[in-house]
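Student: what's the 3D shape of this:
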Amino acid sequence: MNGFREIVAYRMRALVVAAFLGAMLLASQAGVASAAGTAEPFHIDFSSGVVKVGAIDNIDLATLADGSAGSIDGTIQNGVVTIPADGFNVVKVGIDDPFPLKAFLGVDGASTGTYDADTGELNIEATGGIWVTVDIAAAADALGVSLDDLLAGANLGALAPIVTSFLKEPLTCGFAPMDLHFSTSGGEAPGPGTPFSDGLADPGAISASWSQLGPFAGRTKAYGLFDVCVIAKSLLPGLIQSALSGVGGSSLGSLQGIDIAGLLANLDDANLGPSGILLTSSTEAPPTAAKLRTKVLPRNRKIREGHATRFKVTVTNSGGSKATRVKVCVRHPNKALSVRHCQKFGNIPAGGSETRAFRVRPRGNAGGRTYSLSFITKERSLTQNNVGARVRVR
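Tutor: Below you'll find the model as predicted:
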């Protein structure tokens with residue numbers, strides 16, 4: 001009997017030890033899993049972006065959007081990337097003249113993906129659309145078209161007052177939903193991405209390509225019930241026809257390589273051809289702006305009446321970006337001197353310079369005086385700078 005009790009006691013002690021060791025093992029594994037499963041936030045700023053839409057190449061997002069192409073905010077956990085609904089942003093681009101129009105790639109809802117820390121490969125699966133925000137009333141006014149006449153031709157019946165009130169406010173219409181696959185590899189238009197090999201905070205690029213658009217849809221709902229964009233699309237041919245007529249076109253055809261007539265006739269199954277977006281992040285500082293310095297030699301001249309002289313003008317760009325459409329104009333006493341008013345220096349690259357000669361000739365009875373000249377350098381994005389010179393006519 002005592003032997004039986006000893007065996008039972010031994011087995012009970014063994015079970016307790018095994019249970020304790022198992023609990024310790026499970027706890028340690030849970031701790032490892034918990035540590036490995038912490039969601040870490042990440043942020044990507046895209047310093048540049050390029051969009052291709054069918055035959056229209058190289059739309060520079062950063063240039064059109066004051067230096068930013070968009071951003072991503074999300075978390076990464078065990079290689080799984082999660083981006084909330086408002087975490088994926090691509091800048092809006094567009095025009096303000098002759099009427100406001102903004103276009104953008106919108107990501108709807110949350111997105112998920114994967115990141116491989118060893119290779120830098122980032123893949124994001126998202127659902128979104130190509131959206132355009134336009135003020136139809138302002139567009140009609142700018143094109144000299146009566147919005148009332150367009151609406152009358154749309155045969156809206158009892159809906160006319162409601163639709164009219166909504167069309168007087170900006171509409172956001174587009175093509176959605178579209179399945180978008182962003183990747184650091186592959187990509188056809190406008191080009192492949194680049195792995196984030198040193199982490200998501202370091203340089204890299206993602207791209208997405210498409211040709212087939214989603215069905216035509218709108219974000220603007222009248223009273224939350226019906227899609228105003230679906231009704232507004234019946235007005236698009238008239239508006240675009242007016243726009244083409246205003247630039248010398250005679251009928252709906254192609255514009256910048258896009259088949260406008262075909263697109264309008266088949267908005268729910270539109271195909272623009274190879275299209276896509278490339279978003280690039282960089283930790284490098286952006287190049288400094290162009291900076292021009294003008295030098296005039298000599299600063300003083302003495303000439304005899306009836307003779308001519310020359311001033312050599314050199315414009316140097318000491319900035320980090322190309323200066324474009326540079327010209328130098330001369331301000332002088334017109335009745336006393338004959339000078340070519342302006343000369344074009346063209347584009348001057350960063351670190352480069354251009355030189356032109358300005359011929360100055362006194363007019364009759366100009367002798368015995370000293371005349372001042374101002375050489376004014378102008379560039380389309382820079383403020384002008386002036387350099388003075390003098391000529392003494394004997």
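Student: lowest-confidence helix or strand of the protein?
Tutor: strand 254-255 (a mean of 42; mean pLDDT, DSSP states H and E).
Student: In the stretch 51-200 of the chain, where is pLDDT below threshold?
Tutor: Where the stretch 51-200 of the chain drops to pLDDT under 70, the residues are 54-58, 62-68, 94-99, 143-147, 149-160, 162-163, 187, 189.
Student: switch the cut-off to 80
Tutor: 53-68, 91-103, 132, 134-171, 186-190 (pLDDT under 80).
Student: how about the strands of it, start to end?
Tutor: Residue ranges of the strands in the stretch 51-200 of the chain, as given by DSSP state E, counting those that start in this stretch, are 56-60, 70-77, 80-83, 88-90, 93-95, 101-107, 111-116, 121-134, 171-183.
Student: Which one, of those, ends up nearest to residue 312?
Tutor: The minimum distance between residue 312 and these falls on strand 56-60, with 36.6 Å, by C-beta to C-beta. Every residue, glycine included, has its C-beta placed from N, CA and C.
Student: so how far is residue 119 from residue 194?
Tutor: Counting by C-beta to C-beta, to the nearest Å, the gap from residue 194 to residue 119 is 12 Å.
Student: Between those two, tell me which one has more neighbours.
Tutor: Neighbour totals were compared for residue 194 and residue 119, and residue 194 leads with 18 against 12 (other C-beta atoms under 10 Å).
Student: Not counting residues beside it along the chain, what's closest to residue 175?
Tutor: Excluding the flanking residues, the one nearest residue 175 by C-beta to C-beta, 6 or more residues apart in numbering is residue 213, at 3.8 Å.
Student: The one you found - how many residues pack around it?
Tutor: Residue 213 sits with 20 neighbouring residues when counted by other C-beta under 10 Å.
Student: Backbone dihedrals for it, please?
Tutor: Backbone torsions for residue 213, taken as degrees, to the nearest 10, come to phi -90, psi 160.
Student: same check, this time on residue 215
Tutor: Torsion angles at residue 215 (phi, psi; degrees, to the nearest 10) stand at phi -70, psi 150.
Student: Isn't it up against residue 178?
Tutor: No - here residue 215 does not reach residue 178: they are 9.4 Å apart, not a contact under C-beta atoms under 8 Å.
Student: can you pull the contacts of the residue nearest to residue 75 when sequence neighbours are not counted?
Tutor: Computed as C-beta to C-beta, 6+ apart, the closest residue to residue 75 that is not its neighbour in sequence is residue 39, at 4.2 Å. By C-beta atoms under 8 Å, 6 or more residues apart in numbering, residue 39 lies in contact with 75-77, 82.
Student: so which of those comes closest to residue 304?
Tutor: Relative to residue 304, the closest of those is residue 76; by C-beta to C-beta it sits at 79.8 Å.
Student: Run through the residues that contact the closest one.
Tutor: Contacts of residue 76 by C-beta under 8 Å, 6+ apart are 39-40, 42, 82, 115, 200.
Student: repeat for residue 331
Tutor: Residues in contact with residue 331 (C-beta under 8 Å, 6+ apart) are 373-374, 376.
Student: Could you list which of the residues you listed belong to strands?
Tutor: 373-374, 376 (DSSP state E).
Student: from these, which single one is nearest residue 206?
Tutor: In terms of C-beta to C-beta, no member of the ones in strands among the contacts of residue 331 lies closer to residue 206 than residue 376, at 45.7 Å.
Student: So what's the residue count around the closest one?
Tutor: Residues lying near residue 376 (other C-beta under 10 Å) number 15.
Student: confidence score at it?
Tutor: Listed pLDDT for residue 376 reads 89.
Student: same deal with residue 327?
Tutor: We have a pLDDT of 91 for residue 327.
Student: Beyond whichever helix or strand it is part of, next helix or strand please.
Tutor: Using DSSP states H and E, residue 327 maps to strand 323-331. Using DSSP H and E, the helix or strand that follows strand 323-331 in sequence is strand 337-339.
Student: What is the very next helix or strand once past that next one packed up against?
Tutor: Using DSSP H and E, the helix or strand that directly follows strand 337-339 along the chain is strand 342-348. Contacts defined by 3 or more C-beta pairs under 8 Å, 6 or more residues apart in numbering; DSSP states H and E place strand 342-348 against strand 309-317, strand 323-331, strand 353-362.
Student: Can you lay out the ones you listed as JSON lines showing distance to residue 302?
Tutor: Shown next, in JSON lines, are the helices and strands packed on strand 342-348 (distance: least, C-beta to C-beta, whole Å):
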{"stretch": "strand 309-317", "distance to residue 302": "8"}
{"stretch": "strand 323-331", "distance to residue 302": "19"}
{"stretch": "strand 353-362", "distance to residue 302": "11"}
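Student: Compare those and give me the one nearest residue 169.
Tutor: For those, the distance to residue 169 is smallest for strand 323-331, at 38.2 Å, taking C-beta to C-beta.
Student: That closest one versus strand 342-348: what angle between them?
Tutor: Inter-element angle recorded for strand 323-331 and strand 342-348: 160 degrees (by axes from the mean of the first three to the mean of the last three C-alpha atoms, to 10 degrees).
Student: strands paired with strand 323-331, and their directions?
Tutor: Strand 323-331 pairs in its sheet with strand 342-348 (antiparallel), strand 369-379 (antiparallel), by DSSP bridges.
Student: Could you give me the buried positions within it?
Tutor: For strand 323-331, the neighbour count (16 or more other C-beta atoms under 10 Å) marks 323, 326-330 as buried.
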